[in-house]
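# Generate coordinates for the sequence data below:
(4 chains)
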There are 2 protein chains.
Amino acid sequence: MSTISPRPLRADARRNREKVVAAAAAAFAESGLEAQVEDIARRAGVGVGTVYRHFPTKEALVDALAVAHFGRLAGMIEAALEERGDAWEIFSATIWRTATAAAGDVAWCELIGGHPSAVDAAASGRERLAAATATLVERAQRAGAMRDDVTVADIRTIMCGFGHVAAAQRAGAPLDWKRYLRIALDGLRAR
Amino acid sequence: MSTISPRPLRADARRNREKVVAAAAAAFAESGLEAQVEDIARRAGVGVGTVYRHFPTKEALVDALAVAHFGRLAGMIEAALEERGDAWEIFSATIWRTATAAAGDVAWCELIGGHPSAVDAAASGRERLAAATATLVERAQRAGAMRDDVTVADIRTIMCGFGHVAAAQRAGAPLDWKRYLRIALDGLRAR
DNA sequence: CGTTAACATGAAGATCGGTTCCGCTTGACG
DNA sequence: CGTCAAGCGGAACCGATCTTCATGTTAACG
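Below you'll find the predicted structure:
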């Protein structure tokens, strides 16, 4: 059910839209979700009005970003499902890979951390993410490498904590998300 | 170096101050640090002006709360140092105890989670907390029950994640701070 | 080239939450 | 009881942000 686009976007409008999206991604990555619309407009080299022409609300912009980020995460996990080899290795390497990707982007960390907004729009991405993760977890458990009582919800919880730690670290807190992950992953492992 | 109080507080003023402190604690516990001054005043049954008479700033109010909370945490850890018995048992039971105490109070969770503000005022509490925790960790390691590479900073990181997870859970997120703690503590344990 | 609908702009508007301040009230004290 | 400084109330103020809108600009198309 793709939406029919009654009118194709004008050339300059399309260009500006892309500039806005890129600027928003950069601003959010650097300052987190509280980045200001005016800053985004400035980075994009357009007026705030233009931002609002393409996205009715700042939240819509965040939503778009959330969809992209969660989609990317889902893609990474789904790709891991194709890999062959030690199930625990695949699982932990995948977690590290996704965490490393997210850690450099404050907004991404905040979204993973479970920021209330934008959750709805990214719902389908979250679904895919959860489904793929469930398979990954199951395989690790079948291999006897992961505690049997672990569920996808636990992974989500762990990653929620990760997002917060990573965001805080980037904001200057004396924390270390890599230490966090090492400990958490060890906690997931079978004894 | 106790501050000399040039004028003892008037009776009604002292009463009001206490009401404000209690109301603030309740409001913050329920709504987190973003609880509004007006709400605090309403709960206390006073005007906002009265709140500001006793605390020059909302931040000062948060600071006072932070000092109290971190002091309480430090007290709990210090009390644990007096206990005799299995070092790991003492350590993990203490973590559970502190976490359980904090989990019912959104603001407390947020403070543990590392909310930027109020950190300075509670510095001494944090110091005590860190010192006592260091001893607890060291003992658990001497007993061979905790991984040798774990440091106080790791505990702080873990608890930072805990604070966020617990706060999010209280805000309605489908998370479980107990599961989080179980996994994290297992990750700290020696293999 | 002319027409026009789409688009861009950024100052002004709306809102929200912390903070101030002035007029009124009240506890303290002789 | 009278005086008055301390204390109180809460409407008004202020700064920060998101959002709108009236006006000017430009791509698209014949």
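# Please make it C-alpha for all contacts and neighbour counts, starting now.
Fine.
# got any ranges where chain A has weak pLDDT?
Counting by pLDDT under 70, chain A contains low-confidence residues at A:1-6, A:115-119.
# interface residues of it facing chain B?
A:114, A:153-154, A:156-158, A:160-162, A:164-165, A:168, A:173, A:175-177, A:179-180, A:182-188, A:191 (CA under 8 Å from any CA of the partner chain).
# May I have the host helix or strand of A:K178 as CSV, with CA atoms only?
With elements taken from DSSP states H and E, the one containing A:K178 is helix A:177-188. The C-alpha trace of helix A:177-188 is given here as CSV (Å, rounded to 0.1, in the frame of the first residue of the first chain):
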residue,chain,number,x,y,z
TRP,A,177,30.2,1.8,27.0
LYS,A,178,32.7,-0.9,25.9
ARG,A,179,33.2,-2.0,29.5
TYR,A,180,29.4,-1.9,29.9
LEU,A,181,28.9,-4.2,26.9
ARG,A,182,31.7,-6.6,27.9
ILE,A,183,30.1,-7.1,31.3
ALA,A,184,26.6,-7.3,30.0
LEU,A,185,27.5,-9.9,27.4
ASP,A,186,29.3,-11.9,30.0
GLY,A,187,26.2,-11.9,32.0
LEU,A,188,24.3,-13.3,29.1
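# quick one: is stretch A:54-70 near DNA strand D?
Yes. With CA under 7 Å from any atom of the strand as the measure, stretch A:54-70 is seen reaching DNA strand D through A:56-59.
# Show residues contacting that stretch.
Contacts with stretch A:54-70, where a contact means CA atoms under 8 Å, 6 or more residues apart in numbering or on different chains, come from A:17, A:21, A:24-25, A:33, A:37, A:52, A:108, A:111, A:117-119, A:121-122, A:125-126, A:129.
# Identify the residues contacting A:D39.
With contact set as CA under 8 Å, 6+ apart, A:D39 has these partners: A:A27.
# Distance-wise, check it relative to A:A107.
Here A:D39 is placed at a distance of 15 Å from A:A107 (CA to CA, to the nearest Å).
# same question, A:A25
The gap separating A:A25 from A:A107 is 9 Å, by CA to CA.
# More neighbours: these two, which one.
Comparing A:A25 with A:A107 by neighbour count (other CA atoms under 10 Å in any protein chain shown), the higher total belongs to A:A107, at 29 against 21.
# The nearest residue to the more buried one once chain neighbours are set aside: how many residues sit nearby?
Leaving out its chain neighbours, the residue that sits closest to A:A107 by CA to CA, 6 or more residues apart in numbering or on different chains is A:G32, at 4.2 Å. Residues within reach of A:G32, counting by other CA under 10 Å, total 21.
# All set, thanks.
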